[in-house]
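Engineer: Show me the folded form of this:
(2 chains)
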Amino acid sequence: MSGATLLKESGPREVFCGLTSIVWLHRRMPDAFFLVVGSRTCAHLIQSAAGVMIFAEPRFGTAILEERDLAGLADAHQELNRVVKNLLARRPEIKTLFLVGSCPSEVIKIDLSRVAENLNIELKGQVTVLNYSGSGIETTFTQGEDGALKALIPLMPKSGQKKLLLVGTLANAVEDRLISIFNRLGIGNVESFPPRQSTELPSIGPETKVLLTQPYLTDTARELKNKGAEIIEAPFPLGVTGSTLWIQAAANSFGIEKSLVDSILNPLIARAKQALAPHVEKLSGKKLFLLPESQLEIPLARFLSNECGMEIVEIGTPYLNRDLMKAEIDLLPPDCRIVEGQHVEKQLDRVRDSSPDLVVCGMGLANPLEAEGISTKWSIEMVFSPIHGIDQASDLAELFSRPLRRHDILNPKTLTSN
Amino acid sequence: MELTLWTYEGPPHIGAMRIATSMKKLHYVLHAPQGDTYADLLFTMIERRGSRPPVTYTTFQARDLGGDTAELVKGHIKEAVDRFNPEALLVGESCTAELIQDQPGSLAKGMGFDIPIVSLELPAYSKKENWGGSETFYQIVRNLLKDHLGESKQTWQEEKRRPRVNLLGPTLLGFRCRDDILEIQKLLGQHGIDVNVVAPLGASPADIIRIPDADVNVCLYPEIAESTCIWLERNLNIPFTTIVPLGVGATKDFLRELHEVLGMEIPKSVNESNNSKLTWYSNSVDSNYLTGKRVFIFGDGTHALAAARIASEELGFKVVGLGTYSREMARKVRPAAKALGLEALITNDYLEVEEAIKETSPELVLGTQMERHSAKRLGIPCAVISTPMHVQDVPARYSPQMGWEGANVIFDDWVHPLMMGLEEHLIGMFKHDFEFVDGHQSHLGHLGGKGTENINQKVKSTISNDSINRSEDPIWTLEGERELSKIPFFVRGKVRRNTENYARQAGCREINEETLYDAKAHYKA
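Structural biologist: Numbers count the residues shown, from 1 in each chain, chains lettered A, B, ... in the order given. Down below sits the predicted model:
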């Protein structure tokens, strides 16, 4: 166990709610539609976070609650039923419909599971209706994906086949690459969850070994375990070390010879380290402060400190799942400060006091920090960029070295005479 | 319950945030869950603001709901006042907090602060952003001035000073407000009129208390400031102007109105034709080609109304569609549309607006960023005239919409997406030469002319599928199609539909060259 200091903080938070994860989930499963049952605020949040205008008709929307839905004049369940049927009539290509709970729908206790159940009976399998909550009173940002995946698990067919299941949304190209590496190691049966089509769910059973690609899938991991699957313990596949340990953990679990694993991974590792070198030069010795948001903060800090030589001031995390994060925390340098939860004002005071070279933060905070002369990186970029795996390590590092490089270009150091 | 894929306006507390963030030395405690903090990015990303909005979110969680959320709210209020030390405090709630009814405003008032506390009640399930902005501004002004009612005041003539006015309504995330204020201040300065207070943008609570020092209020953005102006007129006897100086004609009318209300003589310079270059540019020979250009207009009430007037009276366009997403402004937009022989489109559904654009086949769309996207898909040029704001609507350069310079900016912004007169003439002359490829005019939206045609064909095919007797649909002959291809792409879809309608009415089974000319004569007659 490393000597990381674990602290808790509460107060005003500055993080997205779970609805935001719809922004990448709908791209992963193009045959699914995400219908938020919520308020104008929910609709406005998603369109502000996603730049919705580029879509002619996006695959997500909001059933906006109105005064009469609250006053009980209209039965909210019936109303939702009507909205769903109109939507499905307009969009016949939808195969899976997620009803996504929000803060207001949770507070007034709209029973989305009942609505989903009734719709499933009426629609007779033409469309599968599921529900989960992305509400900000229960979920933070990436936890929305955890909810959506958990909702899909009961539909997964049973199987006794031995297989490796990669769990968590990855960029398609990265997913293909990782699968091809596992194939080369002799693990032939590799599937992904969520799948690329919502209707092509992988099967699951006691012979399924689960390798988590993302650190925010607490509930999903537990449910998969309940279905008999084995969760392989490993750090997450960010950076050369993380990705190597991640692949090795799967290989061990499948009883693959160490020599074979080494012979396949070593050239990749050597190449990746070479590509990483110029970024390490830029990042080494620089101070990094991570504000809580995506839940990727701990693995990112581990990568940036161990492989890029950055000095970690503080790692903020919205919540801490010690089981899933154990392998990551063990790898952190000693005396690393991890703060669970947030008091955004006090945390920003600490940011200013420590004058870091780079702050990883949400979109609302980035420009105010830049205006104070502190370089920033948006944490939301981590969930949209292909950053997983050994081959992507230098791309991941580049996301952090670029703001520093830019800062140097725009603020050239004046030569001082001795 | 209403299905929404995209919305022109946010919820009402976003309007309140626009007021709070526009002002100085004010703090807003918003009882809201953590997800609502997304709103900060509207200001720090779209407006590229270098400071955070002065907003403390209580970010209550599900586990707090079982306990005492009132204590949680009070804790946040106390901390915000201690930390930010504001001159006045706004307290309100977003949609979720409205449901749990903690009454944060009353809680704050009971905490014994010696600063004014403005409690906001913004019904999140029936109202929207602009209403919320208007209500917040009104509540701030009313609360801060309630002890100053009935104070006697002298006119500028009695006090022997220059007249002074307040500019009310400009906010952050309002369309080009930053530059409009400068332009109007310059314009008023030229006429010997001073500006007393600009609010909410840049005003502190202390500035709001100085509002009564002005002789007249200039209501620059009725969406935000009209209700405040009415209250100030009733309670403090300050009259306000009703004309928004967008465009050459409206700027003239505004100056006349303001001079009249102030009791000043209207200067002759108001009527000079060289105040704005728009007038001469529009009269120049190159602008001949603008005559009768079909233009579709959609936006907030103020900018859509102004655009209709500028388009029809100052540029000689033909307005073929006029609408707004603002229900509060429908009362004003409806008669304006009627005067142009149109029925106003009042909707918050962007797909309905896109349908209306297809239906009217305009050559130019003046709309919001959403219409810019719709127009791009349809291959129609577009200029953005109104909120909702996009990072592109906050240009680095000085770019007002109001006053004389605003009219110059509008001329450039609306005319540049179109082809220049000489260019259009040359294309007309040479379009049948082999070197010329149709749809090659890449600056007219990404699809060139092809998009409109394809989409209109799609529209056509849905229409014909729906018709009862498909066998009665006329068939285009080769020569008919050839003749159709000679018609400029931007009206081709409309001509196709009109000709088919005519052919159906006339009982033609085939459309050839002659049918096309028959139809043209029929519709011109």
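Engineer: Could you list the low-pLDDT ranges of chain B?
Structural biologist: B:420-472, B:489-490, B:525 (pLDDT under 70).
Engineer: Pull out the buried residues from stretch A:83-96.
Structural biologist: A:Val83, A:Val84, A:Leu87, A:Leu88, A:Ile94, A:Lys95, A:Thr96 (16 or more other C-beta atoms under 10 Å in any protein chain shown). Bear in mind the C-beta positions are built from the backbone N, C-alpha and C, glycine included.
Engineer: Can you tell me what sits against it?
Structural biologist: With contact meaning C-beta atoms under 8 Å, 6 or more residues apart in numbering or on different chains, stretch A:83-96 is reached by A:29, A:31-33, A:35, A:57, A:59, A:61, A:63, A:97, A:99, A:115, A:119, A:123, A:127-130, A:197-199, B:1-3.
Engineer: Under the pLDDT cut-off, which ranges of the stretch 251-400 of chain A? List them.
Structural biologist: For the stretch 251-400 of chain A, no range has pLDDT under 70.
Engineer: so where do the strands sit in it?
Structural biologist: Assigned by DSSP state E, counting those that start in this stretch, the stretch 251-400 of chain A shows strands spanning A:287-290, A:311-317, A:337-341, A:358-361, A:375-378.
Engineer: The second one packs against which elements?
Structural biologist: When you say that, I think you mean strand A:311-317. strand A:287-290, helix A:297-306, strand A:337-341, helix A:344-354 (3 or more C-beta pairs under 8 Å, 6 or more residues apart in numbering or on different chains; DSSP states H and E).
Engineer: Could I get the buried residue list for the shortest one?
Structural biologist: Read it as strand A:287-290. Here strand A:287-290 shows A:Leu288, A:Phe289, A:Leu290 as buried, counting by 16+ other C-beta under 10 Å.
Engineer: what's across from the last one in the sheet?
Structural biologist: Legend: beta-bridge partners of A:Leu290 under DSSP bridges are A:Ile315, A:Val360.
Engineer: Convert the C-alpha atoms of stretch B:115-131 to PDB, please.
Structural biologist: Output in PDB follows, covering the C-alpha atoms of stretch B:115-131 (Å, rounded to 0.1, in the frame of the first residue of the first chain):
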ATOM      1  CA  ILE B 115     -27.100  43.900   2.900                       C
ATOM      2  CA  PRO B 116     -30.200  43.900   0.700                       C
ATOM      3  CA  ILE B 117     -31.500  40.400   0.000                       C
ATOM      4  CA  VAL B 118     -33.400  39.900  -3.200                       C
ATOM      5  CA  SER B 119     -35.400  36.700  -3.200                       C
ATOM      6  CA  LEU B 120     -36.200  35.300  -6.600                       C
ATOM      7  CA  GLU B 121     -39.200  33.100  -7.500                       C
ATOM      8  CA  LEU B 122     -38.700  31.900 -11.000                       C
ATOM      9  CA  PRO B 123     -41.200  29.100 -12.000                       C
ATOM     10  CA  ALA B 124     -38.900  26.600 -13.700                       C
ATOM     11  CA  TYR B 125     -41.700  24.500 -15.200                       C
ATOM     12  CA  SER B 126     -43.600  27.200 -17.000                       C
ATOM     13  CA  LYS B 127     -41.100  30.100 -17.700                       C
ATOM     14  CA  LYS B 128     -37.800  30.400 -19.700                       C
ATOM     15  CA  GLU B 129     -34.500  32.200 -19.700                       C
ATOM     16  CA  ASN B 130     -35.500  35.700 -20.900                       C
ATOM     17  CA  TRP B 131     -38.400  35.800 -18.600                       C
END
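Engineer: Contacts only, for A:Glu138.
Structural biologist: Listed by C-beta under 8 Å, 6+ apart, the contact set of A:Glu138 reads A:Gly18, A:Glu106, B:Gln61, B:Ala62.
Engineer: same thing but 7 Å
Structural biologist: A:Glu106, B:Ala62 (C-beta atoms under 7 Å, 6 or more residues apart in numbering or on different chains).
Engineer: May I ask which helix or strand encompasses it?
Structural biologist: Secondary structure assignment for A:Glu138, by DSSP states H and E: no helix or strand.
Engineer: residues contacting the residue nearest to B:Tyr325 when sequence neighbours are not counted?
Structural biologist: Counting by C-beta to C-beta, 6 or more residues apart in numbering or on different chains, B:Tyr325 lies nearest to B:Tyr8, which is 3.9 Å off, once chain neighbours are set aside. Shown in contact with B:Tyr8 (C-beta under 7 Å, 6+ apart): B:Tyr325, B:Asn348, B:Thr368, B:Pro388.
Engineer: go on, A:Gly147?
Structural biologist: So A:Gly147 contacts A:Gly18, A:Tyr132, A:Ser133, A:Gly134, A:Thr139 (C-beta under 7 Å, 6+ apart).
Engineer: Can you give me the buried ones in the lengthiest helix in chain A?
Structural biologist: The helix that spans the most residues within chain A, counting by DSSP state H, is helix A:258-283. Neighbour counts over helix A:258-283 (16+ other C-beta under 10 Å) mark A:Val261, A:Ile264, A:Leu265, A:Leu268, A:Ile269, A:Ala272, A:Ala275, A:Leu276, A:His279, A:Val280, A:Lys282, A:Leu283 as buried.
Engineer: is it true that the fourth one touches A:Gln392?
Structural biologist: Yep, that's A:Leu268 we're talking about. No: A:Leu268 is beyond contact range of A:Gln392, at 11.0 Å (criterion: C-beta atoms under 7 Å).
Engineer: which stretches of the stretch 351-500 of chain B form helices?
Structural biologist: Taking DSSP state H, counting those that start in this stretch, the helices of the stretch 351-500 of chain B run over residues B:369-378, B:403-415, B:421-430, B:450-466, B:478-485, B:489-506.
Engineer: ok, and what's touching the helix or strand just after the last one?
Structural biologist: Think helix B:489-506. Per DSSP H and E, the first helix or strand lying C-terminal to helix B:489-506 is strand B:510-511. If you take C-beta under 7 Å, 6+ apart as the criterion, strand B:510-511 is touched by B:Pro474, B:Ile475, B:Trp476, B:Thr477, B:Gly480, B:Thr499, B:Ala503.
Engineer: Please report phi then psi for the closest residue in space to the fourth one that isn't next to it in sequence.
Structural biologist: Of all residues not flanking B:Thr477 in the chain, B:Asn512 sits nearest, at 4.5 Å (C-beta to C-beta, 6+ apart). Geometry field for B:Asn512 lists phi and psi as phi -120, psi -170, criterion degrees, to the nearest 10.
Engineer: Distance check, B:Asn512 against B:Ile475.
Structural biologist: B:Asn512 is 10 Å from B:Ile475, where distance means C-beta to C-beta, to the nearest Å.
Engineer: same check, this time on A:Ala63
Structural biologist: Taking C-beta to C-beta as the measure, A:Ala63 falls 44 Å from B:Ile475.
Engineer: Who has more neighbours out of these two?
Structural biologist: A:Ala63 (28 against 11; other C-beta atoms under 10 Å in any protein chain shown).
Engineer: so that one, which of the three states?
Structural biologist: Following DSSP: H, G, I helix; E, B strand; the rest coil, A:Ala63 is assigned to strand.
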